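Chemist: Based on what follows, work out the 3D shape:
(chains A and B)
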Amino acid sequence: MTSNSSLEVKGLAYAYPDGNQALFGVNLNIERGERVALLGPNGAGKTTLVMHLNGILKAGLGSVAVGGLEVNTESKETLQEIRQRVGIVFQDPDDQLFMPTVREDIAFGPINMGITGSDLEDRVMEALVLVGMADFADRPPHHLSFGQRRRVAVATVLAMKPEILVLDEPSSNLDPASRRELADILRSLDVTLLMVTHDLPYALELCPRSVILSQGTIVADGNTFDILCNAALMAENRLELPVGFEPRK
Amino acid sequence: MIIDSQRITLDTKSEHVHGHGVGDHLYVHKHSIVHDLPAQVKVVAAIGFIFIVVLTPVHAVWAFALYLSMMFMVVGLAKLHFPLVLRRMLIEIPFVIFAVLMPFFGSAPRIEVLGISLSEAGLWAAFGILAKGTIGVITSVTLAATTRARDLLQGLEAIRVPAVLIQIATFMLRYSAVVTNDLVRMKVARESRGFSATGIKHWKVLAHSAGALFIRSYERGERVHLAMLARGYNGTIIDLYKPTVVRRDWLIALILPVLAITIMMIAWVTL
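Modeler: Numbering: from 1, shown residues only, chains lettered A, B, ... in the order given. Take a look at the predicted model:
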């Protein structure tokens, strides 16, 4: 494998315990520092793929490697290391935020990595500054606005200094201003990024490269602009641009 | 740009899943005379039967043997597998432990059993708990295995259980899956940040999760209530599909409590 790969997925296939197969051999290679959008219709297997990246689900066949380290769900040490390297921001921030204050919630991941004392304090503040939420450190998460909670959720993962940041529908339910602010934050981060989204203009804005996952395999991989302009490919995979949106403009 | 990837198909054993609703994991789908009875009839028969069993004097051992064999017959009529029923009856174990302790702490007179001094009254009390408990549990297990959860609720409504209680139980049934999903997603999110609960030192984290889940569920409850008000909810939910009960249903279902009441009377008279 290339030494510069952040993420390398090879021949990944997975079936749920009820026999329903979701992934049929996914191949995906993401270089360090890339920003990639993962597109695809509902039920394509996007979430299932994401759950493999940090070993929540165990591959039926094939492999996933993060920064050269292969995900091995049997080894606790490997799994711990993988979960530090892969930072997943889930779609619903309420799934992620559960501690009494923002500060404690951000500290939760680093503490699990064994970080303590002033290092911990530094990490927490650094992450909060990155998402522009430093003033809210001592607030309870459930008193924040939705957009603020999404940013805090991003910070909880940034505090773990991940190799790759995985975002599940980062722009969903955000007002246009929060959506733009989050885009500015994501663009400013020096990290590999994989973004699962239905928001195609957002993908175009943030990710030079896109891949389409459809019926459990990658069916297209290339320049986001080219993909969005390929009407036949888009229609075939149930992808639609918002009315009036023209990528060429 | 377009990739024609090879599709890898996994060998999977697909399970036969019957179309159950939420909260129906106790229900065993069969076609039997017990399954076909309307829920309220079964509820009345089961509760009546259990009350009669409880009111039977413990010294009438033969009566309990008859009750138990009657329930075995019902289980047979319902075409339920005995191993399944026995497995579900394990829920009784805490009470069994309690019953086993009683002979050791009961009052005099005491008798010697295998060299151990036991209280006679305690032994009878233990037998009473065990016999009445077991018959009660097998009755409930049979009722739950032959009646869909929502039919059970309709049945309770038909026998005039307060509407508020029915609505609470209905919502519990409806939202238990939603809350369970919340719980699972929170667990996945925790694990993704490197957490695994291994011991007492992690209880604080689990407690915070439980608190967060409570707030979420509470807020969801408020939203659901508002959404109901927005559609004109005024405290009552009219059920569109009322099960019809014919006299024959009652006659069949009441065989069980009527037989039991006869046995109980004989037990009291002959004591």
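Chemist: residues making contact with the helix or strand in which residue B:101 is found?
Modeler: Secondary structure from DSSP states H and E places residue B:101 in helix B:93-105. Contact with helix B:93-105 is made by B:118, B:119, B:122, B:123, B:125, B:126, B:127, B:129, B:130, B:133, as judged by Cβ atoms under 8 Å, 6 or more residues apart in numbering or on different chains. From N, CA and C alone the C-beta is placed, and that goes for glycine too.
Chemist: Can you list the buried residues in the helix or strand of chain B with the lowest mean pLDDT?
Modeler: For chain B, counting by mean pLDDT, DSSP states H and E, strand B:110-113 ranks last in confidence among helices and strands (a mean of 76). For strand B:110-113, burial by neighbour count (16 or more other Cβ atoms under 10 Å in any protein chain shown) applies to residue B:110.
Chemist: partners of it, with directions?
Modeler: strand B:116-119 (antiparallel) (DSSP bridges).
Chemist: what about the helices in the stretch 151-271 of chain B?
Modeler: B:163-192, B:203-230, B:247-253, B:255-270 (DSSP state H, counting those that start in this stretch).
Chemist: how much does the second one deviate in direction from helix B:163-192?
Modeler: Taking axes from the mean of the first three to the mean of the last three Cα atoms, to 10 degrees, one finds helix B:203-230 and helix B:163-192 inclined to each other by 140 degrees.
Chemist: In TSV: the helices of the stretch 151-271 of chain B, plus mean pLDDT, mean neighbour count and distance to residue B:71.
Modeler: As requested, those are exported to TSV (pLDDT from 0 to 100; neighbours: other Cβ atoms under 10 Å in any protein chain shown; distance: least, Cβ to Cβ, whole Å):
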stretch	mean pLDDT	mean neighbour count	distance to residue B:71
helix B:163-192	88	16	25
helix B:203-230	89	13	37
helix B:247-253	92	15	14
helix B:255-270	93	16	8
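Chemist: hang on, the earlier thing: the helix holding residue B:101 - what's its average pLDDT?
Modeler: Mean pLDDT, helix B:93-105: 83.
Chemist: how about it: buried residues?
Modeler: B:95, B:99, B:102, B:103.
Chemist: Keep only those of the contacts of helix B:93-105 that are in strands.
Modeler: Counting by DSSP state E, these place B:118, B:119 in strands.
Chemist: Let's see the PyMOL selection covering just the buried ones among the contacts of helix B:93-105.
Modeler: Applied in PyMOL, the following selects the buried portion of the contacts of helix B:93-105 according to 16+ other Cβ under 10 Å:
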select buried, chain B and resi 118+119+122+123+125+126+127+129+130+133
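Chemist: nearest to chain A, of the contacts of helix B:93-105?
Modeler: residue B:133 (35.4 Å; Cβ to the nearest Cβ).
Chemist: The closest one reaches residue B:92, doesn't it?
Modeler: Yes: contact criterion Cβ atoms under 8 Å: residue B:133 and residue B:92 qualify, at 5.7 Å.
Chemist: roughly how far is the least confident helix or strand of chain B from the heart of the chain?
Modeler: With Cα atoms, centre = their mean, to the nearest Å as the basis, strand B:110-113 stands 37 Å off its chain's centre.
Chemist: Please apply the same query to stretch A:28-45.
Modeler: 9 Å.
Chemist: can you tell me if stretch B:170-187 touches chain A.
Modeler: Yes: for stretch B:170-187, a contact with chain A is found by Cβ under 8 Å from any Cβ of the partner chain, at B:182, B:185, B:186.
Chemist: how about the nearest residue to residue B:193, chain neighbours excluded?
Modeler: Excluding the flanking residues, the one nearest residue B:193 by Cβ to Cβ, 6 or more residues apart in numbering or on different chains is residue A:109, at 3.8 Å.
Chemist: Can you check my assumption that the one you found lies in a helix?
Modeler: Yes: counting by DSSP: H, G, I helix; E, B strand; the rest coil, residue A:109 is part of a helix.
Chemist: and the gap between it and residue B:205?
Modeler: Using Cβ to Cβ, to the nearest Å, residue A:109 is found at 12 Å from residue B:205.
Chemist: before we move on, what about residue A:29?
Modeler: Residue A:29 is 35 Å from residue B:205, where distance means Cβ to Cβ.
Chemist: With residue A:183 instead?
Modeler: According to Cβ to Cβ, residue A:183 and residue B:205 sit 32 Å apart.
Chemist: And residue B:158, by the same measure?
Modeler: 45 Å.
Chemist: do residue B:164 as well
Modeler: Residue B:164 is 36 Å from residue B:205, where distance means Cβ to Cβ.
Chemist: repeat for residue B:152
Modeler: Distance of residue B:152 to residue B:205, computed by Cβ to Cβ: 37 Å.
Chemist: again with residue B:234
Modeler: 42 Å.
Chemist: quick one: residue A:225 and residue A:193, what's the gap?
Modeler: Taking Cβ to Cβ, one finds residue A:225 at 17 Å from residue A:193.
Chemist: Just put the buried residues of helix B:93-105 in TSV and tack on distance to residue A:40.
Modeler: What follows is these, written out as TSV (distance: Cβ to Cβ, whole Å):
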residue	distance to residue A:40
B:95	53
B:99	59
B:102	63
B:103	66
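Chemist: which among those residues gets closest to chain A?
Modeler: The closest of the buried residues of helix B:93-105, once distances to chain A are taken by Cβ to the nearest Cβ, is residue B:95, at 33.9 Å.
Chemist: Pretty sure residue A:178 sits against residue A:147.
Modeler: Yes: the pair residue A:178 / residue A:147 is scored as a contact, 3.2 Å apart, by Cβ under 8 Å.
Chemist: check contacts around residue B:169.
Modeler: Residues near residue B:169 by Cβ under 8 Å, 6+ apart: B:153, B:156.
Chemist: pLDDT score for the nearest residue to residue B:39 once chain neighbours are set aside?
Modeler: Using Cβ to Cβ, 6+ apart and skipping the chain neighbours, the partner closest in space to residue B:39 is residue B:155 (2.8 Å). pLDDT, residue B:155: 87.
Chemist: Next one: residue B:155 from residue B:174, what distance?
Modeler: Using Cβ to Cβ, we find residue B:155 at a distance of 17 Å from residue B:174.
Chemist: Kindly report the same for residue A:110.
Modeler: Distance from residue A:110 to residue B:174, by Cβ to Cβ: 39 Å.
Chemist: same thing with residue A:9?
Modeler: Per Cβ to Cβ, residue A:9 is found 38 Å from residue B:174.
Chemist: Tell me the bridge partners for the residue nearest the centre of chain A.
Modeler: Residue closest to the mean C-alpha point of chain A, counted by Cα atoms, centre = their mean, is residue A:166 at 1.5 Å. Beta-bridge partners recorded for residue A:166 (DSSP bridges): residue A:88, residue A:194.
Chemist: Now for it: which residues touch it?
Modeler: By Cβ under 8 Å, 6+ apart, the contact set of residue A:166 is A:50, A:53, A:86, A:87, A:88, A:89, A:193, A:194, A:195, A:196.
Chemist: what's the distance between it and residue A:195?
Modeler: 8 Å.
Chemist: if I look at those two, which residues touch both of them?
Modeler: The contact sets of residue A:166 and residue A:195 do not overlap (Cβ under 8 Å, 6+ apart).
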